[in-house]
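>>> model the following, please.
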Amino acid sequence: MTIEERKTINTNVIQNLILENREKLSISGVLDVLSFDDQVVIVETELGLLTVKGENLRINKLSIDTSEVIVEGGIASLNYSESKGTEKTKGNLLSKIFK
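Residues are numbered from 1 along each chain as shown. Got it, this is the predicted structure:
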């Protein structure tokens, strides 16, 4: 994603990630939990997919009303990537160009 593309992201979206002692992660702005196990939790947020990796991970709180998720365990890494919808749009555009 280029800097220009990042600037076009809706700035009205507020998302907070609060990591406490690498053991408790509070995430706001959550749309859906796509998958989870004790080593990887993948969450769809308003700003893209968030992958949380670690050990003994568990979802302690999942609130649809407040769009909040709390993940607890030994958190090793957090990684954002494009949402699936954005990737599909890019793929469709490229496939249209190269037809």
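>>> report the distance from the longest strand along the chain to the chain centre.
The residue-count maximum for a strand in the chain (DSSP state E) belongs to strand 48-63. Here strand 48-63 is found 9 Å from its chain centre; the criterion is C-alpha atoms, centre = their mean, to the nearest Å.
>>> output the helix or strand following that strand as PDB, nothing but the C-alphas.
Under the assignment DSSP states H and E, the closest C-terminal helix or strand after strand 48-63 is strand 68-81. Taking Å, rounded to 0.1, in the frame of the first residue of the first chain, the C-alpha atoms of strand 68-81 are listed here in PDB:
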ATOM      1  CA  GLU A  68     -14.400  -5.000  21.100                       C
ATOM      2  CA  VAL A  69     -12.300  -8.100  21.500                       C
ATOM      3  CA  ILE A  70      -9.900  -9.000  24.300                       C
ATOM      4  CA  VAL A  71      -7.300 -11.600  23.600                       C
ATOM      5  CA  GLU A  72      -5.200 -13.100  26.500                       C
ATOM      6  CA  GLY A  73      -2.100 -15.300  26.500                       C
ATOM      7  CA  GLY A  74       1.500 -15.000  25.600                       C
ATOM      8  CA  ILE A  75       1.300 -12.500  22.700                       C
ATOM      9  CA  ALA A  76       4.400 -12.600  20.400                       C
ATOM     10  CA  SER A  77       3.300 -10.500  17.400                       C
ATOM     11  CA  LEU A  78       0.600  -8.300  15.800                       C
ATOM     12  CA  ASN A  79       0.400  -7.900  12.100                       C
ATOM     13  CA  TYR A  80      -2.000  -5.900   9.900                       C
ATOM     14  CA  SER A  81      -2.800  -6.900   6.300                       C
END
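>>> in its sheet, what does strand 68-81 sit against?
Each strand paired with strand 68-81, and its direction, by DSSP bridges: strand 24-28 (antiparallel), strand 48-63 (antiparallel).
>>> what's the average pLDDT for the first one?
Confidence over strand 24-28 (mean pLDDT, whole number) is 96.
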